[in-house]
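> Structure here, sequence nowhere to be found:
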């Protein structure tokens, strides 16, 4: 098997509108977050298989011979099931219930590697995304793994053209990448919705309704601040809290979910308009209004948090509009930046937010999904990390 | 005609839930606010008719003979119309469009006095309510005028019993008082809804829906803080703003109005329960939740204001829940106090709010409507003001 070295990236994910409401049958809009995960795959001929995940202090090497038995077991199995995961866990020596991010990342790597590959290599991954913050970091990782193995083995062609720095695959190839990434997500999360890997694969924006995921053809790139309040929260607890509140006050809460649904639909409509007519201040005014309204609704359904109120106040003081993204109860928020928002405002706001103890990034939403890169197109400091191992 | 001196009081009004939504066909709950207006009527035999309104620096005396012509004109008219108001305005020398609170108070006095009375008297009024803050101060005044003239002339009996400090009238008498008070409100406001005078008359709580006003039989007395941010606003402008927002985002806003409607209905249900079963902390928890939700909704429909956000934050810091009351965009807010809220918390919160530049009162909602008093039952400082003139 001829192995092609490759360099892949995939974006994170944010929920623009519809978090929680989606659990109750309403539309959600998931968007790509241009904080990306980068993966470098290099063939090696010394019979070793190595994975380096410096973000989570994970560095593992196996001898190819160690993996042989596992490969044959895996090829016998028809599909990813509990028995297979158990066998993989035994192999890496994790027999208790513990599934930390390091363990699950190794399991996902092994599963996709063994399924698609078979020779020596080093895979190094570096992510701009915080892990465990609801920003799809595991999906971006799974998408990178799937694309790298499929591309390195020639299962899909390289999309790189000499005259372009980066390349994207065709729909069919993206579907193959996405389906393997979904397997990785299953290993990491058990029962994922499939939204995160779809956003990592297709980028842009996805409409998510009743389990159905529809990538939207074109969306504008929107500048945002992403803020991590670092207040820990449990998605499960928050989802249960919303359900309780709906049961307690159905006549009050069900209309609020309907209103959230309409916000998602209105936002989708405005974003679509922005791609086919000249973008005006009015478009941004509406996007800001929708953010404010939804943030109030999210408070109403019980997933607000003082740290998120502070985020909203700090950014409002600079004329900017914010909402939580994802589960709420702490976690992350997004702040829309207008085209005319100047760097003094942006820098000042980021300083204010960092003074609150939050992490804050200036980035964008709606950017491309999984890509292959020429190394020269990737920031030097990222290449430096990837080449360190 | 034998004239009985009398001392009357009537409460102000606050909207507990449903402000603005009521304009769009939803339920609103109006409650009596135990900041009261006091009126003392004393017969005099020197042929003078005097009215003293120290709150608005208004002190006027006429000779009975001056009023004669006006009386006969008024008795010819079948009903209150523009022609009559024009004649009253000419009499007091206001011929331009100007209708300040002093002028309109005098007009309302003259109309009810001339319709029901005819001999010399002094009427002195003192109110605990701020004027022009949407708290029904003009209605409390009109209710006091109507009750005093009807009672002093024997059109309704005195409800005072020797063994009680205060007395309330029967339904039939209250309806007569209310209908005359409504005439006063018409002179002052042109086209009033009738809610304010109904609250001033019946007290307690009223359900207001599609122009129909239904007094609720029994409601509990709830302790509150009333805060006046003193930020001026125009009800007309705010009502128009809500309408614009509904037209702009109907699919988002109409469900919010439905949710507000459900809040009013849920609140009414809880308050009714509180009068017929032991009051628990849970009752108060629900009332607090409804306040928080509605305040978010009022922000969503566009009638919030930074001064009201501050009110909510300052009181939240002490574990108390607030919402705007009335038109919003500044103006007044109410903060629910629980039975167990201690005076340190109350005093501390009031100090914090005054430090923001707001006026703040500890009072209650749901108390009695118009009452007649023995002078000994009224606070000394109020009697002192009433007797000064």
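Cool, got the structure. Quick caveat: nothing in here was measured; it's all calculated off a predicted structure.
> what about the longest strand along chain A and chain B, touching?
Ranked by residue count under DSSP state E, the longest strand found in chain A is strand A:28-43. No. Counting by Cβ under 8 Å from any Cβ of the partner chain, no contacts exist between strand A:28-43 and chain B, the nearest distance being 14.4 Å. In short, each C-beta sits where N, CA and C put it, glycine included.
> Give me the helices and strands touching that strand, please.
Packing partners of strand A:28-43 (3 or more Cβ pairs under 8 Å, 6 or more residues apart in numbering or on different chains; DSSP states H and E): strand A:6-17, strand A:121-127, helix A:137-152, helix A:195-202, strand A:205-209, helix A:250-276, strand A:359-365, helix A:380-387.
> do you know which of these lies nearest chain B?
Closest of the helices and strands packed on strand A:28-43 to chain B is helix A:250-276, at 3.7 Å (criterion: Cβ to the nearest Cβ).
> Look up the closest residue to residue A:244, ignoring the ones flanking it.
Take residue A:244 and drop its neighbours on the chain: the residue closest to it by Cβ to Cβ, 6 or more residues apart in numbering or on different chains is residue A:302, 8.0 Å away.
> should've said residue A:192
residue A:185 (4.2 Å).
> Does the one you found touch residue A:197 like I think?
Yes. Using Cβ atoms under 8 Å, residue A:185 makes contact with residue A:197 at a distance of 5.2 Å.
> who's more crowded, these two?
More crowded of residue A:185 and residue A:197, by other Cβ atoms under 10 Å in any protein chain shown: residue A:197, with 33 against 28.
> tell me the contacts of the more buried one?
Listed by Cβ atoms under 8 Å, 6 or more residues apart in numbering or on different chains, the contact set of residue A:197 reads A:136, A:139, A:142-143, A:178, A:181-182, A:184-185.
> try residue A:130
Per Cβ under 8 Å, 6+ apart, neighbours of residue A:130: A:137, A:228, A:359.
> Just send these back as a markdown table, with pLDDT, neighbour count and distance to chain B too.
Converted to a markdown table, the contacts of residue A:130 look like this (pLDDT from 0 to 100; neighbours: other Cβ atoms under 10 Å in any protein chain shown; distance: Cβ to the nearest Cβ, whole Å):
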| residue | pLDDT | neighbour count | distance to chain B |
| --- | --- | --- | --- |
| A:137 | 95 | 27 | 31 |
| A:228 | 97 | 21 | 23 |
| A:359 | 97 | 15 | 24 |
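> packing partners for the strand or helix carrying residue A:87?
Following DSSP states H and E, one finds residue A:87 within helix A:82-92. In terms of contacts (3+ Cβ pairs under 8 Å, 6+ apart), helix A:82-92 is packed against helix A:64-76, helix A:101-116.
> quick one: it to helix A:64-76, angle?
With axes from the mean of the first three to the mean of the last three Cα atoms, to 10 degrees as the basis, helix A:82-92 and helix A:64-76 are set at 170 degrees to each other.
> Report the buried residues of helix A:82-92.
Neighbour-count burial for helix A:82-92 flags A:84-85, A:88-89, A:91 (criterion: 16 or more other Cβ atoms under 10 Å in any protein chain shown).
> sorry, back to before: and the helices and strands packed on helix A:82-92: which comes nearest residue B:67?
helix A:101-116 (88.2 Å; Cβ to Cβ).
> To which secondary structure element type does residue A:312 belong?
helix (DSSP: H, G, I helix; E, B strand; the rest coil).
> what do residue A:185 and residue A:197 both touch?
With Cβ under 8 Å, 6+ apart as the test, residue A:185 and residue A:197 both reach A:139, A:142.
> and the nearest residue to residue A:303 once chain neighbours are set aside, what does it touch?
Spatial nearest neighbour of residue A:303, chain neighbours left out: residue A:328 (3.2 Å); criterion: Cβ to Cβ, 6+ apart. Neighbouring residues of residue A:328 by Cβ under 8 Å, 6+ apart: A:19-20, A:233, A:238, A:298, A:303-305, A:308.
> how near is residue A:263 to residue B:15?
Noted for residue A:263: a distance of 27 Å to residue B:15, by Cβ to Cβ, to the nearest Å.
> so how far is the longest strand of chain A from its chain's centroid?
Strand A:28-43 sits 7 Å away from the centroid of its parent chain (Cα atoms, centre = their mean, to the nearest Å).
> Output the contacting helices and strands for the stretch of helix or strand residue A:175 belongs to.
Residue A:175 is part of helix A:171-189, with elements assigned from DSSP H and E. Counting contacts by 3+ Cβ pairs under 8 Å, 6+ apart, helix A:171-189 packs against helix A:101-116, helix A:137-152, helix A:195-202.
> Surely residue A:283 is in contact with residue A:275?
No. Using Cβ under 8 Å, residue A:283 is not in contact with residue A:275, being 10.5 Å away.
> would you turn the contacts of residue A:130 into a markdown table with distance to residue B:270?
As requested, the contacts of residue A:130 are exported to a markdown table (distance: Cβ to Cβ, whole Å):
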| residue | distance to residue B:270 |
| --- | --- |
| A:137 | 44 |
| A:228 | 39 |
| A:359 | 42 |
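> So which of these is the closest to residue B:45?
The closest of the contacts of residue A:130 to residue B:45 turns out to be residue A:228 (Cβ to Cβ; 80.8 Å).
> pretty sure the closest one contacts residue A:330?
No. In this structure, residue A:228 is not within contact of residue A:330 by Cβ under 8 Å, at 9.2 Å.
> Which single residue in the stretch 101-250 of chain A comes nearest to chain B?
residue A:249 (6.5 Å).
> which ones are touching that residue?
B:262, B:266, B:289, B:293.
> The residues you listed also near chain A: which ones?
B:262, B:266, B:289, B:293.
> Pick out the most distant pair among those residues.
Largest separation among the ones next to chain A among the contacts of residue A:249 by Cβ to Cβ: B:262 and B:289, giving 12.5 Å.
> Neighbour count: the two, which is higher?
More crowded of residue B:262 and residue B:289, by other Cβ under 10 Å: residue B:262, with 23 against 19.
> Report the separation between the more buried one and residue B:296.
Applying Cβ to Cβ to residue B:262 and residue B:296 gives a distance of 14 Å.
> In contact with the closest residue in space to residue A:39 that isn't next to it in sequence, which residues?
Closest residue to residue A:39 apart from its sequence neighbours, by Cβ to Cβ, 6+ apart: residue A:144 at 3.7 Å. Shown in contact with residue A:144 (Cβ under 8 Å, 6+ apart): A:8-10, A:37-39, A:125, A:370.
> can you check residue A:371 too?
Taking Cβ under 8 Å, 6+ apart, we find residue A:371 in contact with A:8-10, A:166-168.
> out of these, which is most surrounded?
Each of the contacts of residue A:371 was scored for neighbours by other Cβ under 10 Å, and residue A:10 scores highest at 33 neighbours.
> Let me know the pLDDT of that residue.
On pLDDT, residue A:10 comes in at 98.
> Get me the contact residues on the stretch 151-300 of chain A for chain B.
Contacts of the stretch 151-300 of chain A with chain B, taken as Cβ under 8 Å from any Cβ, map to A:249, A:251-253, A:255-256, A:258-259, A:262-263, A:265-266, A:289-290, A:292-293, A:296-297, A:299-300.
> Help me confirm that residue A:264 comes into contact with residue A:20.
No. At 11.7 Å, residue A:264 does not count as touching residue A:20 under the criterion of Cβ under 8 Å.
> in the helix or strand hosting residue A:309, what counts as buried?
Assessed by DSSP H and E, residue A:309 sits inside helix A:306-316. Neighbour-count burial for helix A:306-316 flags A:307-312, A:314-315 (criterion: 16+ other Cβ under 10 Å).
> same check, this time on stretch A:286-306
A:286-305.
> same thing with stretch A:117-129?
Buried residues in stretch A:117-129, counted by 16+ other Cβ under 10 Å: A:117-118, A:120-129.
> May I have the distance across that stretch, first residue to last?
Stretch A:117-129 has an end-to-end distance of 27 Å (Cα to Cα, to the nearest Å).
> Please apply the same query to stretch A:56-66.
Note: stretch A:56-66 ends 24 Å apart using Cα to Cα.
> who's in contact with that stretch?
So stretch A:56-66 is in contact with A:47-53, A:101-102, A:105-106, A:119-120, A:131, A:389, going by Cβ under 8 Å, 6+ apart.
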